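Enquirer: Predicted structure and sequence below. I'll ask about it afterward.
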Amino acid sequence: SFQVQVEGGTPALRMRLAADQINDDGFKLHPQDWAQPGDRSRRQQYAAELNWQAAPALSVQLNHNRYQEDDESRYEYYAAPAYIDQRRTEDIERIRSSVDAGYVWQHAGALSVSALDERYSSHSVSHSQAAVVTDRRAHIDQQQWSVQWDAPRWKKQLLSIGIEQRHESLRQQSNGQSELQGAGEVRRRGDDVFVQNHIKLGQHSILAGLRAQNDSDFGGHVAPKLAWRWGRAWHQDGQIHLRASFGGGYRVPNLKERHYLFDHSALGYQVVGNPALQPESSSSWQLGATAQRPGLEFHANVFRNDVEDLIQTDLDNAQVLNGVALYSYANIARARTQGLETSARWRFTPLWSLQLAYTYTDAQDLNAGRSLTRRPRHMARMGLDWDAPLDLQVSLRGRYQSDERVDADSTTRSPYWATVDLKLNHALDNRLSVF
């Protein structure tokens, strides 16, 4: 693997170029085996970023990213009386371009504009010995743009108004035949209008907002938001903040969840889109506190989300075809997630700092009376940093995750796990470092 990054420019114009590549030859249990439990993989990514301060009031940022991945899976399928060699290759490409621009008027507020174009393509070929069994091609395109105007501050108020529009399309073929209903392509469009007002009242601030959405497949929906924040000085050189919020959430299933076929037959499963999916909606409450002093800070947040028609992978009703499990997505009628998030950072000497974080989550399917899948109850993280002599930075990272339910139809659980990573970073000069 390798990674390289170059950046430079002037105060008004700066550019960054980055590239990385990872090659993995996979692994076999025995060199002479055909089956390869560890897939061969080659991943590469290129990125370019341009920041231009065209004028004191005008800024522009351009981003372009290209990702490519080539994979090969080798496995065996038993057809009595012998095992048949199987091979599957997949080529993936994702090209993403975006532009963000902002202009500030002296007495008329600020205008920000953004646009995004992303194109994803996948070509997979499955072989049985030398014969091609399945030749599948998929294309997912997404375009999005938004405009937001922030009015001039007036009587301790800051009003923002904006619009967004999204377009999405999906095409998928197998052996030259469309796997989608209708004309072989599905499309959707979403239009949003939002308004919010930020009011400052002494040590209190209030944010009230409303978002109206219209989807080409699911119609309209309106979601409110209300947030409160209070802050004051603490022990002369510190600060303390309290915050609370309520919001309505709404998520339309994307075309991938409704129509796309994610083929991992080499690993024994496929995930098939469900055209009958409905949007999920939620009500969210949060209450949090932050305390800060030089070298020390602490954050805590309690949350609760009540969700209707939660979208997640349906492991209950899997079908098995030719030894491959076929999964799909489903709506869970009523679900609830609630818990606690905490984090702390302490610089106990000029050269040493410690970070700790812990999250507790209780996630329940209220209709079935059981926990939701893939949502661990406990997660913890630790970080220790040392600014060592000779321009050497030493970082120690640890992470823990408790066991989690993986199948809603049984008591099957994935065991807990923990990782520890050590990283050394050495600055050769002001422009070059190795790690």
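Expert: Ah, there it is. Numbers count the residues shown, from 1 in each chain.

Enquirer: When you work out contacts or count neighbours from here on, use the C-alpha atoms and nothing else.
Expert: OK.

Enquirer: Skipping adjacent residues, who's closest to residue 286 in space?
Expert: Residue nearest to residue 286 in three dimensions, not counting chain neighbours: residue 303, with 4.4 Å by C-alpha to C-alpha, 6 or more residues apart in numbering.

Enquirer: from the middle of its chain, how far away would the helix or strand where that neighbour lies be?
Expert: Element membership for residue 303 (DSSP states H and E) is strand 296-321. Remark: strand 296-321 is offset 14 Å from the chain centroid, using C-alpha atoms, centre = their mean, to the nearest Å.

Enquirer: And stretch 113-126, by the same measure?
Expert: Distance, stretch centre to chain centre, for stretch 113-126: 16 Å (C-alpha atoms, centre = their mean).

Enquirer: Next up, the contacts around the residue nearest to residue 286.
Expert: 284, 285, 286, 287, 338, 339, 340 (C-alpha atoms under 8 Å, 6 or more residues apart in numbering).

Enquirer: got the buried residues for the strand holding residue 303?
Expert: 297-311, 313-315 (16 or more other C-alpha atoms under 10 Å).

Enquirer: Is residue 257 within a helix or a strand, and which one?
Expert: helix 255-259.

Enquirer: following that helix, which helix or strand shows up next?
Expert: strand 261-264.

Enquirer: and the residue of the chain most remote from its centre, how far is that from residue 127?
Expert: Most distant from the centre of the chain: residue 81, at 45.6 Å, with distances by C-alpha atoms, centre = their mean. Taking C-alpha to C-alpha, to the nearest Å as the measure, residue 81 falls 20 Å from residue 127.

Enquirer: Return the set of residues that bridge with residue 395.
Expert: For residue 395, the beta-bridge partners are residue 385, residue 423 (DSSP bridges).

Enquirer: these two touch, right, it and residue 388?
Expert: No. Using C-alpha atoms under 8 Å, residue 395 is not in contact with residue 388, being 10.3 Å away.

Enquirer: Which ones among the contacts of residue 303 map onto strands?
Expert: 284, 285, 286, 287, 338, 339, 340 (DSSP state E).

Enquirer: Report the residue spans of this structure with pLDDT below the cut-off.
Expert: 181-183, 264-268, 314-318, 321-323, 407-410, 430-432 (pLDDT under 70).

Enquirer: Which residues are in contact with residue 124?
Expert: Per C-alpha under 8 Å, 6+ apart, neighbours of residue 124: 88, 89, 90, 91, 134, 135, 136, 137.

Enquirer: and which of the contacts of residue 303 is nearest residue 259?
Expert: Comparing the contacts of residue 303 against residue 259 with C-alpha to C-alpha picks out residue 284 as the nearest, at 28.9 Å.

Enquirer: That closest one: neighbouring residues, count only.
Expert: 18 (other C-alpha atoms under 10 Å).

Enquirer: Bridge partners for it, pull those for me.
Expert: With DSSP bridges as the rule, residue 284 is bridged to residue 247, residue 305.

Enquirer: Bridged to residue 213, which residues?
Expert: residue 192, residue 221.

Enquirer: and it, how many residues sit next to it?
Expert: Around residue 213 there are 19 residues (other C-alpha under 10 Å).

Enquirer: Ignoring the adjacent residues along the chain, who's closest to residue 104?
Expert: residue 110 (4.3 Å).

Enquirer: meant to ask about residue 246, not that
Expert: Excluding the flanking residues, the one nearest residue 246 by C-alpha to C-alpha, 6+ apart is residue 285, at 4.7 Å.

Enquirer: OK, contacts around that neighbour?
Expert: 244, 245, 246, 247, 303, 304, 305 are the contacts of residue 285 under C-alpha under 8 Å, 6+ apart.

Enquirer: of those residues, closest to residue 370?
Expert: For those, the minimum distance to residue 370 (C-alpha to C-alpha) is 16.2 Å, reached by residue 305.

Enquirer: Give the full set of residues in contact with the closest one.
Expert: 282, 283, 284, 285, 336, 337, 338.

Enquirer: Which among those residues count as buried?
Expert: 282, 283, 284, 285, 336, 337, 338.

Enquirer: Ignoring the adjacent residues along the chain, who's closest to residue 287?
Expert: residue 244 (4.4 Å).

Enquirer: separation between the one you found and residue 172?
Expert: Taken as C-alpha to C-alpha, the span from residue 244 to residue 172 is 45 Å.

Enquirer: Which one of these two is surrounded by more residues?
Expert: Using other C-alpha under 10 Å as the criterion, residue 244 and residue 172 rank with residue 172 on top: 23 against 18.

Enquirer: List the beta-bridge partners for the more buried one.
Expert: Beta-bridge partners of residue 172, as defined by DSSP bridges: residue 138.

Enquirer: ok, now how distant is it from residue 359?
Expert: 39 Å.

Enquirer: give me every residue that touches residue 203.
Expert: 230, 231, 232.

Enquirer: What about the second one, how many residues nearby?
Expert: Spelled out, that is residue 231. 17.

Enquirer: Find the nearest non-adjacent residue to it, please.
Expert: Of all residues not flanking residue 231 in the chain, residue 241 sits nearest, at 4.2 Å (C-alpha to C-alpha, 6+ apart).

Enquirer: secondary structure element for that neighbour?
Expert: strand 238-251.

Enquirer: quick one on the thing from earlier: could you work out the most separated pair of the contacts of residue 124?
Expert: 91 and 134 (14.2 Å).

Enquirer: if we can go back for a sec, what are the bridge partners for the residue nearest to residue 231, then?
Expert: Here residue 241, judged by DSSP bridges, has bridge partners residue 231, residue 290.

Enquirer: Distance of it relative to residue 170?
Expert: Counting by C-alpha to C-alpha - residue 241 and residue 170 are separated by 46 Å.

Enquirer: more neighbours, these two?
Expert: residue 170 (21 against 18).

Enquirer: In space, what's closest to that one - neighbours in sequence excluded?
Expert: Nearest to residue 170 is residue 140, by C-alpha to C-alpha, 6+ apart, at 4.6 Å.

Enquirer: then the helix or strand harbouring the one you found to PDB, C-alphas only?
Expert: In the assignment (DSSP H and E), residue 140 maps to strand 131-150. Provided in PDB are the C-alpha atoms of strand 131-150 (Å, rounded to 0.1, in the frame of the first residue of the first chain):
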ATOM      1  CA  ALA A 131     -18.100 -20.700 -18.300                       C
ATOM      2  CA  VAL A 132     -19.600 -17.300 -17.600                       C
ATOM      3  CA  VAL A 133     -22.800 -17.800 -15.500                       C
ATOM      4  CA  THR A 134     -23.800 -14.200 -14.700                       C
ATOM      5  CA  ASP A 135     -22.600 -10.900 -16.100                       C
ATOM      6  CA  ARG A 136     -24.200  -8.100 -14.000                       C
ATOM      7  CA  ARG A 137     -23.800  -4.300 -14.600                       C
ATOM      8  CA  ALA A 138     -25.200  -1.600 -12.300                       C
ATOM      9  CA  HIS A 139     -25.200   2.200 -12.500                       C
ATOM     10  CA  ILE A 140     -26.300   4.600  -9.800                       C
ATOM     11  CA  ASP A 141     -26.200   8.300 -10.500                       C
ATOM     12  CA  GLN A 142     -27.000  11.100  -8.000                       C
ATOM     13  CA  GLN A 143     -27.200  14.900  -8.500                       C
ATOM     14  CA  GLN A 144     -27.900  17.400  -5.700                       C
ATOM     15  CA  TRP A 145     -27.900  21.200  -5.400                       C
ATOM     16  CA  SER A 146     -28.800  23.600  -2.700                       C
ATOM     17  CA  VAL A 147     -29.100  27.400  -2.100                       C
ATOM     18  CA  GLN A 148     -29.200  29.000   1.300                       C
ATOM     19  CA  TRP A 149     -29.600  32.700   2.300                       C
ATOM     20  CA  ASP A 150     -28.600  33.900   5.800                       C
END
